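A.B. asks: show me how the following folds:
(chains A and B)
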Amino acid sequence: MKNKQKLFEDIVYGIFLILGLISVASVLLITIYLLISGIPAIKEIGLIKFMFGSTWKPTAASPEYGILPFILTSIYGTAGAIIIGVPIGFLTAVYVAKIAPPKVKRVIGNAVGLLAGIPSVVYGLVGMMVLVPGIKKIFNIADGASLLAAIIVLAVMILPSIIKVSVTALEAVPQEYEDASLSLGATPIETYFRVTVPAAKSGIAAAVVLGVGRAIGEAMAVMMVSGNVANMPSLFQSVRFLTTAVASEMSYAAGLQREALFSIALVLFLFIMLINATLNFFLKRSKED
Amino acid sequence: MRSTKRKLYIGLMKTLMGIAVTLTCGLLIFLIIYVMFKGIPNITWELLSSKPSYLSDTIGILPDILNTLYLVISTLIIVLPLGVGAAVYLTEYARNKKFVAAIEYASETLSGIPSIIYGLVGMLFFCQFLGMKTSILAGAMTMVIMNLPTVIRTTQESLKTVPQSYRDGAFGLGAGKWRVIRTVVLPGCVDGVITGCILSVGRILGETAALLFTAGFAHALNGVIEGLTSSGATLTVALYVYAKEQGEFEVAFAIAAILMILTFLINLSANMVGSYYKKRRNI
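C.D. replies: Take a look at the predicted model:
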């Protein structure tokens, strides 16, 4: 009877252990699959030629597989989204965390939650119908589907993450810091920007890095507004990102072209892992602060 | 006396903050009004209740609605036991700190991976290696991995609120570990599971890139069993296909409006569940 009970408990333990390990197994599965399917094409094309080649012509008579345009577009696009999105998100976060009365705070909090929940294709659709024609008209160019349109859409899409994480970081700053600053004669606004914000800098850095991760990984919305031609990045030209390079050719590619798409995914994955490591570094530091 | 420089600084910061908040809120209001204005007039009963027909040249989104439903339900059925089990393991069983850290690191990594990569790996593993082909089921399996971190996190958070004394009391009465988990721990994490459910539904509804290659984009009208094993577009995928490939913007906006309304309902219910359980705890 005792033994039977113990055996039963051991089985239950085993089941829970397996369930616990599924997430680890999934990460391993994704990593291994990307490595196995991504490396052959890189080997065949040559790492330098693949990473730093500036022409992507997989279907030409003498095909070329250079993904530098995609890498640079992803970097420029993300940088642009950060330059526009971070100041807006950061300032909104300071207002929400420190100044807004509780009711306003709740309303803005819900608004940010809603912005975060809107599917990316809806952003893409609105970008396609409003931004793209708008850019075409304002800057008088042939086609508004461009890097600029993608940057604006991405900036909007990373806003919610930046606001949420920054608000959490700002609210975690001890009240005493602010009290000390106020009693020394600083006004509330001066206190928030010169005492609270510096004290929460690791958390705010984490918010920015999270935004970088979101922006570099976004595919659908960008695909709908960026025009999708494999040009070197330029603000008013049609461009292709790492994500959209994979998405746009996957459905019909075959042979080396298909394998090269997996290699692009591998490069994207390495970028994301790097960003995740940075994010963890800042999150850890903000916990220690 | 405040110097002019200080006054300027304060004024500048106040103005900048005002602009930022106005932009954020204005943006949302614009999005809502624009999408609703363009979408709602196009939502007709015919659109909701039929399938696309080449003969009469009409478009219906009933297959897409059903596909979305099949996908959401099958994903939840699989992800809930897995996620709750993992959370129970992490909070109730695991003793080794490094081990727990590894699992938590893995689920953080999962939540940072872009959906297009889930799509690729899902296609390679579920559709090709496991032979599921491009089907709703393969899409659901991909969504399971994607939503696992969410369910683990929300369940874990609510498990932490179950007082240790409850467990000690049950153990003291001679209950075995499993019995304690079944009768004391699991009932305590209902709110976490519900929140995890709602968040997952939101994420599945909004997902496109990962589904394009795993669940495909067919618009056939199927029953449950047939639906799970055949390719099918969800609402978001249908929106993408209609807007980008076919230029059917009226249908695209109608779907966008439906998605916005669903997003709103999901956020509302998540908030309501959160505050309901918070109130009950405080009593």
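
A.B. asks: measure how buried the nearest residue to A:Phe193 once chain neighbours are set aside is and give me the count.
C.D. replies: Using CB to CB, 6 or more residues apart in numbering or on different chains and skipping residues adjacent in sequence, the residue nearest A:Phe193 is B:Met13, 5.9 Å away. Backbone N, C-alpha and C define where each C-beta goes, glycine included. Using other CB atoms under 10 Å in any protein chain shown, B:Met13 has 17 other residues around it.

A.B. asks: where's B:Met13 relative to A:Gly85, distance?
C.D. replies: According to CB to CB, to the nearest Å, B:Met13 and A:Gly85 sit 19 Å apart.

A.B. asks: ok, which stretches of chain A are strands?
C.D. replies: Remark: strands assigned in chain A by DSSP state E are A:56-57, A:64-65.

A.B. asks: mind listing the helices for the stretch 1-150 of chain A?
C.D. replies: Assigned by DSSP state H, counting those that start in this stretch, the stretch 1-150 of chain A shows helices spanning A:2-45, A:47-52, A:68-94, A:102-117, A:120-126, A:132-139, A:147-171.

A.B. asks: how about the contacts made by residue 194?
C.D. replies: You didn't say which chain, so I picked chain A. A:181, A:186 (CB atoms under 8 Å, 6 or more residues apart in numbering or on different chains).

A.B. asks: hmm, no, I was thinking of chain B.
C.D. replies: B:Val273.

A.B. asks: just to revisit the earlier point, of all the strands of chain A, which one is nearest B:Ile255?
C.D. replies: Each of the strands of chain A has some distance to B:Ile255 by CB to CB; the shortest is strand A:56-57, at 32.2 Å.

A.B. asks: and the residue nearest the centre of chain B?
C.D. replies: B:Arg203 (2.2 Å; CA atoms, centre = their mean).

A.B. asks: just the pLDDT at it, thanks.
C.D. replies: Model confidence at B:Arg203, given as pLDDT, is 92.

A.B. asks: not counting its neighbours along the chain, what's nearest it?
C.D. replies: B:Asn147 (5.9 Å).

A.B. asks: related to what we said a few turns ago, so the residue nearest to A:Phe193 is in which element?
C.D. replies: Here B:Met13, judged by DSSP states H and E, is contained in helix B:4-39.

A.B. asks: tell me the angle that helix makes with helix A:147-171.
C.D. replies: Here the directions of helix B:4-39 and helix A:147-171 differ by 120 degrees (axes from the mean of the first three to the mean of the last three CA atoms, to 10 degrees).

A.B. asks: in helix B:4-39, what counts as buried?
C.D. replies: Neighbour-count burial for helix B:4-39, counted by 16 or more other CB atoms under 10 Å in any protein chain shown, picks out B:9-10, B:13, B:16-17, B:20-21, B:23-25, B:28, B:31-32, B:34-35, B:38-39.

A.B. asks: what lies in contact with the helix or strand bottoming out on mean pLDDT in chain B?
C.D. replies: Sorting the helices and strands of chain B by mean pLDDT, DSSP states H and E puts helix B:224-229 at the bottom, at a mean of 80. Applying CB under 8 Å, 6+ apart, the external contacts of helix B:224-229 come out as B:66-67, B:70, B:74, B:132-133, B:135-137, B:140.

A.B. asks: TSV for those residues, including neighbour count?
C.D. replies: Compiled in TSV, the contacts of helix B:224-229 are given as follows (neighbours: other CB atoms under 10 Å in any protein chain shown):
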residue	neighbour count
B:Leu66	19
B:Asn67	32
B:Tyr70	24
B:Ser74	20
B:Met132	21
B:Lys133	15
B:Ser135	21
B:Ile136	32
B:Leu137	24
B:Ala140	27
